[in-house]
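A.B. asks: 3D, please:
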Amino acid sequence: MVKCIFLLLLGVIPSITTINTCCQILKPDQIRLAVATDSSVNVGWHIRTCPLDITNPLSNSIVMFGTSPKKLTSTLVYIKSSFYESNFVLGMSWFYSVELQNLEPSTMYYYQIVGSGCVSSSSILNFTSAPFLGDRSRPVRIAAYGDLGVDGLIGTYTNGPCLFEKALNALETKLSEIDFFLHHGDICYADNTPILVFLKTYEQAMDYCQAKMSVLTSARMYMTATGNHEINCTQVPGAYYLCLPNYKQQIPYSHRFNMPSNHSRGYLNTWYSFNYAFIHVITISCETDFPNAPSGNLLDDTTQVNWLINDLARVNRSVTPWVIVQCHRPWKGSAAKQTIAGIINCPQCQAAFEQILIDYNVDIYISGHVHWYERICFDDTTNTTNYVNPSGPVYLTNGGIGNPEGNESVGTEANDSCVIVFDPGFGILTVYDDSHATFIYYRTSDLKIMDEFNITKDRSSLH
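C.D. replies: Prediction:
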């Protein structure tokens, strides 16, 4: 289990040792998996160099893998190494990725990142590959949440100690029931430093957070979305211009995660899609690249929207009848008391995307950003737990798992709000077959079920 060892006052500062001993302690960490294609998985990791050292410590990246921990083979497919830091006094962060290809479906694979030179090898880890495309032989279970971050001083005062670690402990308890993760943006909250994470630099907060998350990300595919906390190095009003260029425009996020944009005609880690068994999952950005986007554009205000239309048009619903879209910001639901223009709901997101999701019969739209869990009713019903052929996507706001800013309270409750839960928690979506799915929201403190509902869709036209 993950222990609460986040040192609020001392910071996570690398030990400054001599170069001679430093070479003995470099080790891959922040290990993370992501879906690449139907039959391939991306393995990513991080290595921090010795102080004052800017050279790549692992020029030959090798991941050994196989179906037995005692019988691993090597791959050098799709290797990438990169860095973005400009401050190398305490050492530089290097990020690596290797794509494991031609995997057999529904098979447990063991893997190890192989060290060389001053870098030691990782321990032998394992994951289970995705079922074959269209496989309905068993249910698929997806853990879902947004807005998970390290506590810091203010978060500890607001939420109680170790909310981040408690969330990881709860998720680890459920790990055997989970096929993959969806994280709807706002990952780690490093941009709240130094105000909310006392004496932590951006890099120290990210490194601590991702290292602790490895208990999840090294064992399951972990699929992320861009949130407002991934855009720049700070959320402090007026302080944006203090960010160095390599800490703006989601550059750290682009290095620290490897989503399947190249395999789905998407862009960076910002918008992409993938298949898992009989489910098609789409991630879009509610921060950039649509008309009046809150954080401007990385490209323009039409490319992402056109990509979404084209991606949905290519979906074969007889193979992947379920379509799920995740994005960071909600556009339906209640407003918090701490209303800041554009922060709570996102009407420009709704204007850009909602009709597209309706036209292509998307089943679920799930977001974070607001720090609670809320489920929206449909068709003038109240308190329903059964959505039978709803007239549009089922809308979920799912940003209450725990972060340094604390959970919020309702200022104005939406007329179509079915359920709001303020207790920190996360969801597990179970898709049973072509027509039936269940979503359960668990409280992290004791895994009590706080909300549960069913979705039933008539797919007779597919057969």
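
A.B. asks: Low-confidence stretches in the stretch 101-250 of the chain?
C.D. replies: Filtered on pLDDT under 70, the stretch 101-250 of the chain yields the residue ranges 151-161, 193-200, 233-248.

A.B. asks: what about the strands in it?
C.D. replies: 108-114, 125-128, 140-145, 148-149, 180-183, 187-188, 221-224 (DSSP state E, counting those that start in this stretch).

A.B. asks: so which of those strands gets nearest Lys332?
C.D. replies: Nearest of those to Lys332, taken as Cβ to Cβ: strand 140-145 at 16.9 Å. For every residue, glycine as well, the C-beta is placed using N, CA and C.

A.B. asks: Isn't Lys27 up against Ser123?
C.D. replies: No: applying Cβ atoms under 8 Å as the test, Lys27 and Ser123 come out as separate, 9.5 Å apart.

A.B. asks: Which one's more surrounded, the two?
C.D. replies: More crowded of Lys27 and Ser123, by other Cβ atoms under 10 Å: Lys27, with 16 against 11.

A.B. asks: how near is that one to Met206?
C.D. replies: 17 Å (Cβ to Cβ, to the nearest Å).

A.B. asks: One more: Ala167?
C.D. replies: Taking Cβ to Cβ, one finds Ala167 at 17 Å from Met206.

A.B. asks: And Gly149, by the same measure?
C.D. replies: 10 Å.

A.B. asks: Show me the protein divided up by domain.
C.D. replies: 26-128, 140-462 (automatic domain parsing).

A.B. asks: which residues touch the residue nearest to Asn403 when sequence neighbours are not counted?
C.D. replies: Ranked by Cβ to Cβ, 6 or more residues apart in numbering and with sequence neighbours excluded, the top spatial neighbour of Asn403 is Gly149, at 4.1 Å. If you count contacts by Cβ atoms under 8 Å, 6 or more residues apart in numbering, Gly149 has them with 155, 164, 186-190, 192, 209, 229, 402-404.

A.B. asks: and Gly149, what are its bridge partners?
C.D. replies: Per DSSP bridges, the residues bridged to Gly149 are Cys188.

A.B. asks: so can I have CSV of the contacts of Gly149 showing neighbour count and distance to Val410?
C.D. replies: Formatted as CSV, the contacts of Gly149 follow (neighbours: other Cβ atoms under 10 Å; distance: Cβ to Cβ, whole Å):
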residue, neighbour count, distance to Val410
Gly155, 25, 21
Phe164, 29, 24
Asp186, 27, 20
Ile187, 26, 25
Cys188, 27, 26
Tyr189, 27, 22
Ala190, 29, 28
Asn192, 24, 23
Cys209, 23, 28
His229, 25, 22
Gly402, 30, 18
Asn403, 31, 18
Pro404, 26, 21
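
A.B. asks: Out of the strands of the stretch 101-250 of the chain, which gets nearest to Ile428?
C.D. replies: strand 140-145 (5.6 Å).

A.B. asks: I'd like to know which elements the closest one is packed against.
C.D. replies: With contacts defined as 3 or more Cβ pairs under 8 Å, 6 or more residues apart in numbering; DSSP states H and E, strand 140-145 has these neighbours: strand 180-183, strand 394-398, strand 425-431.

A.B. asks: okay, the ones you listed, which one's buried deepest?
C.D. replies: Most buried of the helices and strands packed on strand 140-145, by mean neighbour count (mean count of other Cβ atoms under 10 Å): strand 394-398, with a mean of 26.

A.B. asks: For the stretch 151-300 of the chain, which segments count as helices?
C.D. replies: Using DSSP state H, counting those that start in this stretch, the helices of the stretch 151-300 of the chain run over residues 152-159, 163-173, 202-217, 251-256.

A.B. asks: Out of those, which gets nearest to Gly296?
C.D. replies: That would be, of the helices of the stretch 151-300 of the chain and by Cβ to Cβ, helix 251-256, which comes in at 14.2 Å.

A.B. asks: For the nearest residue to Glu230 once chain neighbours are set aside, list the residues it contacts.
C.D. replies: Leaving aside its chain neighbours, Glu230 sits nearest to Tyr253 (4.2 Å; criterion: Cβ to Cβ, 6+ apart). Tyr253 makes contact with 187, 224, 226, 230, 269, according to Cβ under 8 Å, 6+ apart.

A.B. asks: tell me which of those residues is nearest to Ile356?
C.D. replies: Out of the contacts of Tyr253, the member with the shortest distance to Ile356 (by Cβ to Cβ) is Thr226, at 18.4 Å.

A.B. asks: Please tell me I have it right and the closest one contacts Glu287.
C.D. replies: Yes: with contacts counted by Cβ under 8 Å, Thr226 reaches Glu287, the gap being 5.3 Å.

A.B. asks: Give me the more crowded residue out of these two.
C.D. replies: Neighbour comparison, Thr226 and Glu287: the larger count goes to Thr226, with 31 against 28 (by other Cβ under 10 Å).

A.B. asks: which residues does that one contact?
C.D. replies: 185, 250, 253, 269-270, 285-288, 328.

A.B. asks: Pick the one among those residues closest to Ile62.
C.D. replies: Asn269 (23.9 Å).

A.B. asks: What pLDDT is listed against that closest one?
C.D. replies: Here, the pLDDT recorded for Asn269 equals 94.

A.B. asks: Measure how buried it is and give me the count.
C.D. replies: 24.

A.B. asks: contacting residues for it?
C.D. replies: Asn269 neighbours (Cβ under 8 Å, 6+ apart): 224, 226, 250, 253-254, 257-259, 261.

A.B. asks: Phe180 is in contact with Thr217, isn't it?
C.D. replies: No: Phe180 lies out of contact with Thr217 (Cβ under 8 Å); the separation is 10.5 Å.

A.B. asks: Spit out the residues that contact these two alike.
C.D. replies: Counting by Cβ under 8 Å, 6+ apart, nothing touches both Phe180 and Thr217.

A.B. asks: which residue sits closest to Tyr441, ignoring its sequence neighbours?
C.D. replies: Among residues not flanking Tyr441 along the chain, Asp451 sits closest, at 4.2 Å (Cβ to Cβ, 6+ apart).

A.B. asks: The one you found falls within a helix, correct?
C.D. replies: No: per DSSP: H, G, I helix; E, B strand; the rest coil, Asp451 lies outside any helix segment and is strand.

A.B. asks: how about it, what does it touch?
C.D. replies: 373, 375, 419, 421, 439-441.
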